[in-house]
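[1] need coordinates for the following:
(2 chains)
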Amino acid sequence: MIDYLVAISIIVGIYAIFAIGLNLEWGFTGLINFGHVGFLAIGAYTTVLMNQSGAPIWLSMASGVVLAAFFGLLVGIPTLRLREDYLAIVTIGFSEIVRLFLLNEEWLTRGPMGLFGFDRPFEAVIPFDYNYFLFILVFGSLAVIYLLLEKLVHSPWGRVLKSIREDEDVASALGKDVFRYKIQALMIGSAIAGLAGAFLAFNLQYINPRNFIPMETFYAWIIVVLGGSARNKGTILGAIIVQSFYTGTRYIQDYVPLASHQMAALRVMVIGVLLVLLMMYKPQGLLGKKEELTLGQ
Amino acid sequence: MVQEILKVRDVKKYFGGVMAVDGASFSVEEQTIKGLIGANGAGKTTLFNLITGYYKLDSGKIFFKGERVEQLPTFKKARIGMVRTFQLTKALSRMTVLENLLLGPKMQSGEHIHNIFLRPKIVADEEARIVEKGIETLEFFDLMHMKDDYAGALSGGQKRLLEMARALMTDPKMLLLDEPFAGVNPTLAWKLVGRIKELKERGMTFLIIEHDMPLITDISDTISFMNHGRIILEGPPEDVRQDPRVLDAYLGGG
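    Next up, the predicted model:
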């Protein structure tokens, strides 16, 4: 039982990290990133590939994070000067390009067969069940990221991000280099997604391109919206709800008279209904502030 | 000697085939208040957008403090002291009234990520000074009681005050105000007129678009009248006001 809880918690933690990066981009800066999963994939594959080619695992993870941030920069440069909708289109295309690259460049990624057989941090020296260590690692990282982000969003820097979200013309009228802040937010959000990717690889011990379909991006969006945009605590709560529901229902598979594909469809339906109810009764999200919704523009 | 802080030379802007600003030229002298008037559609706001860098000009030159600036992006113009407000007020709705103001000061050290972590003391001290200044400014604009409310909850007139207060927080050399008195109650509008004159005495320059004739005649040192994308008349407020072309534009008939 404890093992189940730990296993579920690890997934919750990974998605919380993944989504909290998106919350910086969307919740605080107003960037519509529909390709967040692309950065998760870059983090996961870079970590694994670097390690398989001989790099120590910590260096591999760091490379995954840095490369994810770098791709955030690459995607951001041509799009962030344009209106916000362009970012949405480009990012969703970008994440599909990443996935198709992973699927087709078999010389590097082994394509649909995926990658396995790589180190996990301290795996050789952990005397107890590795999942317990992974749990500590994931939640330790989440705690650090949460604290750093809270510090940032409550600083003058975070204030500028919010002003960009509200109206970027005002930010530029006041002398703020809007482009620079958007790039920074996208790079930090992407780096965080890259880290989540490394943890995802450690948890699955086997990665393949199917782990990085566009739906994963929208799980992050569901988590952010459910918890309340621009509330880091809300994002964590959202991850707990969505992922414990999603993963938890897998464990009860044996006890319900539904085939696994029916169960999968039912899960998505329930999440959909949940979101509709949320929008009807608490559109600001679980931890969002209600006053914010009633404001005229 | 009188210095021209802003000089606009033969600026043109087309939208598709439509000429919005058709070779406008005028200057604003340092430490003066210039009114910019004209009928709706004369091109006043477009001219503002050109001067402040929201639109790119099709041709012409703009000088600010003697330097060519027509290629500079908006935020860089703001940094050298040219700050504007908007005709359709842009309160940052989901931020508090005070937060709106705190955004104003330029080049805050806390706007850089590395300073937040490496120089927290400097950032905190600076923030304390900015808050103090923000509160003084709120008091002047009679917005103190709404300090912690969301800016989106303010009335139209209050949003205008907020916008002017926020612009002043940047310590601008020159303020470009796009209809600053629209929707502001008359008592407060006249109080604002007083405040703007006071700021002028302290060295600030203003370019103001305004339709309210009594207010703009009272506040301006000179007025430029814009018609069909050009400045066709400039001079002391009383003269401009009584010019038949101005009367025509404002009272119809033309």
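[2] please enumerate the helices of the stretch 1-150 of chain A.
    A:2-22, A:36-52, A:57-79, A:84-104, A:106-109, A:130-153 (DSSP state H, counting those that start in this stretch).
[3] and the fourth one, anywhere near chain B?
    Right, helix A:84-104. No - remark: helix A:84-104 sits outside contact range of chain B, by CB under 8 Å from any CB of the partner chain, the gap being at least 15.9 Å. C-beta here means a position set from N, CA and C on the backbone, and glycine is covered the same way.
[4] now do the first one
    No - using CB under 8 Å from any CB, helix A:2-22 never reaches chain B; the gap is at least 15.3 Å.
[5] next, the angle helix A:36-52 makes with that helix.
    Here helix A:2-22 runs at an angle of 120 degrees relative to helix A:36-52 (axes from the mean of the first three to the mean of the last three CA atoms, to 10 degrees).
[6] do you know the pLDDT at the residue in the stretch 101-250 of chain B positioned nearest to chain A?
    Residue nearest to chain A within the stretch 101-250 of chain B: residue B:152 (2.8 Å; CB to the nearest CB). Looking at residue B:152, its pLDDT stands at 91.
[7] that one and residue B:96 touch, don't they?
    No - applying CB atoms under 8 Å, one finds residue B:152 not in contact with residue B:96, separated by 10.0 Å.
[8] flag every residue of the stretch 101-250 of chain A that's near chain B.
    Within the stretch 101-250 of chain A, the positions lying close to chain B (CB under 8 Å from any CB) are A:151-152, A:155-157, A:159-160, A:162-163, A:165-167, A:169-178, A:184.
[9] what subset of the residues you listed is buried?
    Burial of those was assessed by neighbour count (16 or more other CB atoms under 10 Å in any protein chain shown); the buried members are A:152, A:155-157, A:159-160, A:162-163, A:165-167, A:169-178, A:184.
[10] low pLDDT regions in chain A?
    Residues of chain A that meet the criterion pLDDT under 70 lie in A:84, A:291-297.
[11] what is the neighbour count of residue A:229?
    When neighbours are counted by other CB atoms under 10 Å in any protein chain shown, residue A:229 registers 23.
[12] tell me the contacts of it?
    A:23, A:26-27, A:285, A:288 (CB atoms under 8 Å, 6 or more residues apart in numbering or on different chains).
[13] of all pairs in those, which one is the farthest apart?
    Farthest apart among these by CB to CB are A:26 and A:288. That separation is 12.8 Å.
[14] so these two - more neighbours on which side?
    Between residue A:26 and residue A:288, counted using other CB under 10 Å, the more crowded position is residue A:26 (24 against 20).
[15] ok, that one to residue A:168 distance?
    15 Å (CB to CB, to the nearest Å).
[16] would you mind finding the most buried of the helices of the stretch 1-150 of chain A?
    helix A:36-52 (a mean of 27; mean count of other CB atoms under 10 Å in any protein chain shown).
[17] remind me what that helix packs against, helices and strands.
    Judged by 3 or more CB pairs under 8 Å, 6 or more residues apart in numbering or on different chains; DSSP states H and E, the packing partners of helix A:36-52 are helix A:2-22, helix A:57-79, helix A:84-104, helix A:106-109, strand A:115-116, helix A:178-204, strand A:206-207, helix A:214-227.
[18] how about residue A:44: what's its closest non-neighbour residue?
    residue A:197 (3.5 Å; CB to CB, 6 or more residues apart in numbering or on different chains).
[19] apologies, that question was intended for residue A:93.
    Excluding the flanking residues, the one nearest residue A:93 by CB to CB, 6+ apart is residue A:35, at 7.2 Å.
[20] what helix or strand does the nearest residue to residue A:151 once chain neighbours are set aside sit in?
    Leaving aside its chain neighbours, residue A:151 sits nearest to residue B:116 (6.5 Å; criterion: CB to CB, 6+ apart). Residue B:116 is part of helix B:113-118 when elements are defined by DSSP states H and E.
[21] list the contacts of the helix or strand following that helix.
    Going down the chain from helix B:113-118, the next helix or strand is helix B:120-140, by DSSP H and E. Helix B:120-140 has contacts (CB under 8 Å, 6+ apart) with A:155-156, B:97-98, B:101-102, B:104-105, B:108-110, B:115-116, B:144, B:147, B:165, B:168-169, B:195.
[22] and stretch B:2-19, by the same measure?
    B:20-30, B:43, B:46-47, B:50-51, B:55, B:57-65, B:70, B:82, B:173-174, B:205, B:207, B:229.
[23] can you tell me the SS state at the nearest residue to residue B:93 once chain neighbours are set aside?
    Leaving aside its sequence neighbours, residue B:93 sits nearest to residue B:152 (CB to CB, 6+ apart; 3.0 Å). Following DSSP: H, G, I helix; E, B strand; the rest coil, residue B:152 is assigned to helix.
[24] what number of residues lie near residue B:152?
    Neighbours of residue B:152 (other CB under 10 Å): 21.
[25] which parts of whichever strand or helix holds residue B:25 are buried?
    Under the criterion of DSSP H and E, residue B:25 resides in strand B:18-29. Judged by neighbour count (16+ other CB under 10 Å), strand B:18-29 contains these buried residues: B:19-21, B:24, B:26-29.
[26] for stretch A:263-275, same thing?
    Under 16+ other CB under 10 Å, the buried positions of stretch A:263-275 are A:267, A:271.
[27] what's next to that stretch, contact-wise?
    A:222, A:225-226, A:242, A:245-246, A:249-250, A:253, A:256, A:258.
[28] for residue B:203, phi and psi?
    Note on residue B:203: backbone dihedrals following degrees, to the nearest 10 are phi 120, psi 0.
[29] and it, what pLDDT?
    93.
[30] still on that earlier bit, can you put the buried residues of strand B:18-29 in JSON lines and add pLDDT and distance to residue A:94?
    Converted to JSON lines, the buried residues of strand B:18-29 look like this (pLDDT from 0 to 100; distance: CB to CB, whole Å):
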{"residue": "B:19", "pLDDT": "89", "distance to residue A:94": "40"}
{"residue": "B:20", "pLDDT": "93", "distance to residue A:94": "37"}
{"residue": "B:21", "pLDDT": "94", "distance to residue A:94": "39"}
{"residue": "B:24", "pLDDT": "93", "distance to residue A:94": "43"}
{"residue": "B:26", "pLDDT": "94", "distance to residue A:94": "47"}
{"residue": "B:27", "pLDDT": "95", "distance to residue A:94": "48"}
{"residue": "B:28", "pLDDT": "96", "distance to residue A:94": "46"}
{"residue": "B:29", "pLDDT": "95", "distance to residue A:94": "52"}
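[31] which of those residues sits closest to residue A:61?
    residue B:20 (54.5 Å).
[32] what residues are up against the closest one?
    By CB under 8 Å, 6+ apart, residue B:20 lies in contact with B:13-14, B:43, B:46, B:229.
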